[in-house]
Every structure is written in structure tokens, then in C-alpha cells.
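Asks: just to be clear, the model below is a prediction. Sequence and coordinates:
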Amino acid sequence: MQPQPSDHGTPNRAADAMLRQFEAQGYITTEAKRPLVHLASTLMLAMCPLPLLLGAVVSIAALAGRFDEAQWLGPVFLVLGAAALLGGLHLRRVTRRARGAHWLVDTRGITIDGVGPVPWCDLEPPTQRMESAPYDDGHQLALVLPLTAVGAQRALALPPAARRVLNAAVRDTLLTGPQPVTSIRVPAMKEMPAEHFAWFLDQIRLRYVTTAGTVAR
């Protein structure tokens with residue numbers, strides 16, 4: 001008996017088209033966005049409305065004679081807001097062109113930048129949970145494909161560089177030694193958000209794994 005699809009995420013046109021492509025040829029290749037560039041562009045675009053709004057309000061107040069002593073603030077805020085907007089749009093274009101991690105999804109499992117394939121039976125349903133941050137010592141809410149116990153053992157046997165490909169938060173040190181990989185991060189792809197890519201991956205996983213965690217016959 002095949003398991004029912006999970007409720008994580010919902011498909012969009014790109015994810016549904018990717019699923020149909022997989023059904024037709026048995027594999028797909030896709031590329032992730034560069035995470036730091038994507039994050040920087042998102043933050044800049046999210047921040048730009050505030051200085052633009054402040055600049056407009058202060059400029060109007062200055063024209064009305066209410067801010068004579070600080071009338072220079074309006075243009076400053078407007079310049080800052082415009083710079084954030086233009087910078088965010090530029091980084092968004094860079095994100096589309098910059099090379100990200102290359103994903104191969106086929107009947108065997110997932111291969112990321114040549115590391116793999118991670119078998120479907122080693123993967124659990126996608127979920128959001130607190131994970132170690134990839135670029136500092138903190139934690140962050142991340143969308144991941146958790147590894148089963150067997151999958152984590154297989155990942156631990158990989159070289160350090162290969163384990164970092166699967167999860168950039170894995171950092172080996174002389175004191176700690178090899179760090180376990182308990183999940184694979186699901187990134188935003190150039191074609192779709194991370195949530196929609198996770199939905200696509202879960203549909204494929206469910207086709208090749210039974211509820212008992214073994215490869216479906």
C-alpha cells in the first residue's frame with residue numbers, strides 16, 4: 001500500500017511542471033539560488049519602503065514649512081531608499097545568473113553537486129525546524145529533508161566537503177571531529193521557492209518509499 005502525500009507545501013505551476021517532466025523522463029536537473037545573494041536582495045527590497053516613505057513624508061512636511069531646520073532629511077531618506085531598491089533589484093538579477101548548487105533528482109534519489117545519490121529510503125518528509133546556521137554559531141528555522149538513522153550513518157561516512165554540500169551548517173573541527181549530517185537543506189530554486197521544491201521532492205519520495213521506509217517494489 002502506497003503512503004498518502006504529505007500536506008507540506010502546495011504546488012505551483014513550476015513545481016507541477018517539474019513533476020510532469022520527471023514523470024516523462026525519470027529525472028530532472030535544477031539549480032539552487034545562491035543563498036547569501038538571495039538573502040541580501042530580499043533584505044534590501046524589504047527595507048527600502050521605510051526610508052522612501054520617511055523621505056516622502058519629511059519632504060512634504062519641509063515644503064509645508066514644518067521642518068525648516070531639518071529639510072535635508074527628506075532627500076537623504078529618499079536616496080537611501082532608492083539605493084536599497086536599486087541594490088536589491090540588481091542583486092535579484094545577479095541571483096538569477098549566479099551559479100548555485102546543481103541538483104539531480106532521479107529514481108535513485110538526490111544528487112547535489114555530484115554528492116550522492118542520497119537514496120529516497122534515507123529521507124523523511126520535508127519539515128521546518130530549528131537547525132544550526134550555516135554561517136555562524138547560532139540557529140535558524142530551516143526547511144529540510146531529515147535523514148533517517150541509516151541515512152545519517154551513510155552521510156557520516158562521507159568526506160567533510162561532501163557532507164557540507166548536503167548541509168552547509170556541518171562544520172568539522174579538531175576538537176569536535178566529524179559532525180553528523182541529520183538533514184539536507186531544501187534551498188530556494190531558480191524556478192520556484194523552497195516550499196514548492198520541497199513539495200515536488202516529497203511527491204517523488206513517496207513514489208519510491210513505503211510507509212515502512214523501504215524502497216517500493
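Replies: Good, I have the coordinates.
Asks: can you give me the helices in the protein?
Replies: Along the chain, counting by DSSP state H, helices occupy 13-25, 35-47, 49-63, 73-97, 149-156, 160-166, 194-208.
Asks: test my guess that I204 contacts W120.
Replies: Yes - with contacts counted by CB atoms under 8 Å, I204 reaches W120, the gap being 7.2 Å. (Each C-beta comes from the backbone N, C-alpha and C, glycine too.)
Asks: select the longest strand from this structure.
Replies: Ordering each strand of the chain by length in residues (DSSP state E) puts strand 139-146 first.
Asks: what mean pLDDT would you report for it?
Replies: What strand 139-146 shows for mean pLDDT is 90.
Asks: where does the prediction get shaky in this structure?
Replies: Within the chain, the ranges that satisfy pLDDT under 70 run 1-11, 34-45, 48-55, 57-78, 80-99, 135-137, 173-177, 210-217.
Asks: of all the residues in stretch 188-207, which ones are buried?
Replies: 188-206 (16 or more other CB atoms under 10 Å).
Asks: can you count the residues close to R129?
Replies: For R129, the count of nearby residues is 12 (other CB atoms under 10 Å).
Asks: which residues does it bridge with?
Replies: Counting by DSSP bridges, R129 is bridged to A142.
Asks: wait, it sits on L141?
Replies: Yes - with contact defined as CB under 8 Å, R129 counts as touching L141 (7.2 Å).
Asks: before we move on, back to that, which strands and helices sit next to the longest strand of the chain?
Replies: strand 127-132, strand 183-185, helix 194-208 (3 or more CB pairs under 8 Å, 6 or more residues apart in numbering; DSSP states H and E).
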